[in-house]
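> pasting a predicted model and its sequence here:
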Amino acid sequence: MQENENSIIVGRIGGVYGVRGWLKIESYTRPVENIFTYSPWLIHVDSSWKAVDIDEFQQRGSGRLLMKMVGVDTPEQARKFVHCEIAVTQEILPQLSEGEFYWHDLIGLEVLNQDEINLGKVKDIVETGANDVLVINKVGEKKTKTLIPLVMDVFVKRVDLIAKTMHVDWQIEE
C-alpha cells in the first residue's frame, strides 16, 4: 500500500520485547489501548506501507502495550519493525458527534481570532495534564509560535473543516 492522505498515524513501534518476537507499542490513541480496536494496521517499513495481521496483543500495567504479529517469531525478525509508524485508514475510525474532531482534522487549519487577524496555521497539538494545547505557527517577517488551549466554546469558538478555518478568542501580544 502506498502512503496517502487516507491513512492516519495512530502509533509507533518502540522496541523488541522478549524472545518470541513481541514488540512494544507506543499508542497515540486515547485511551491508549484503543489502538488494538483498529484493523488492519499499516506499518511503514522498507519505505512502503504494509498491512499486517496481529496475532496477539496485551496491556501490562498502565499503558504498556505489547503486540505480536503473525509470522514474526524471533527478536531478529521483530527488530526490522522497531521505530516504524503504525497507521490505519480513515474509514475505520468511529464517526464523531457534532462538534467533535480528530486531531488530524485540526492540523493545517488557518486560525483567526475575534478581530479576524490570521494567527497562522495549526502545526501541532500537545497533550498536557489539564487540556490539549494548539501550536499555531505564523510565517512572515517574524516567525511566531502561539500556544492556545484547545478548550471548545472558551478559546476555540468555531471550527469549519470545509473552509479549513478555526476561529478563536485570543489576543495577540505585541
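Ah, there it is.
> correct me if wrong: Met166 contacts Gly108.
No: Met166 sits out of contact with Gly108 when judged by Cβ atoms under 8 Å, with a separation of 10.2 Å. Placement of C-beta: from N, CA and C, glycine included.
> overlap in contacts, the two.
Common contacts of Met166 and Gly108 (Cβ atoms under 8 Å, 6 or more residues apart in numbering): Val122.
> okay, those two: which has more neighbours?
Met166 (24 against 10; other Cβ atoms under 10 Å).
> residues contacting that one?
Contacts of Met166 by Cβ under 8 Å, 6+ apart are Leu106, Leu109, Glu110, Val111, Leu112, Val122, Leu134, Val156, Arg158, Val159, Asp160.
> got a quick ChimeraX command for the buried subset of these?
Here is the ChimeraX command that picks out the buried ones among the contacts of Met166, judged by 16 or more other Cβ atoms under 10 Å:
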select :106,109,110,111,112,122,134,156,159
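> biggest separation within the contacts of Met166, which pair?
Within the contacts of Met166, two members stand farthest from each other by Cβ to Cβ: Leu134 and Asp160, at 15.3 Å.
> could you give the number of residues near Lys142?
So Lys142, with other Cβ under 10 Å, has 6 neighbours.
> where does the closest residue in space to Arg20 that isn't next to it in sequence land in three-state SS?
Once flanking residues are discounted, Arg20 sits nearest to Asp73: 6.3 Å by Cβ to Cβ, 6 or more residues apart in numbering. Here Asp73 is coil, with the state taken from DSSP: H, G, I helix; E, B strand; the rest coil.
> need the contact list for Ser7.
Contacts of Ser7 by Cβ under 8 Å, 6+ apart are Met1, Leu42, Trp49, Ala87, Val88, Thr89, Gln90.
> neighbour-wise, which of these leads?
Neighbour max across the contacts of Ser7 (other Cβ under 10 Å) = Leu42, 23 neighbours.
> ok, then the element right after the helix or strand that contains that residue?
Following DSSP states H and E, one finds Leu42 within strand 41-45. Counting by DSSP H and E, the next helix or strand C-terminal to strand 41-45 is strand 48-52.
> contacts for the host helix or strand of Ile148 next, please.
Taking DSSP H and E as the definition, Ile148 sits inside strand 144-149. Taking contacts as Cβ under 8 Å, 6+ apart, the residues outside strand 144-149 that touch it are 111, 119-120, 123, 126, 130-138, 155-156, 168, 170, 172.
> so what's the closest residue to Val88 other than its chain neighbours up against?
Nearest in space to Val88, with sequence neighbours left out and distances taken as Cβ to Cβ, 6+ apart, is Tyr38 at 4.4 Å. Shown in contact with Tyr38 (Cβ under 8 Å, 6+ apart): Val10, Thr29, Val88, Ile92, Leu93.
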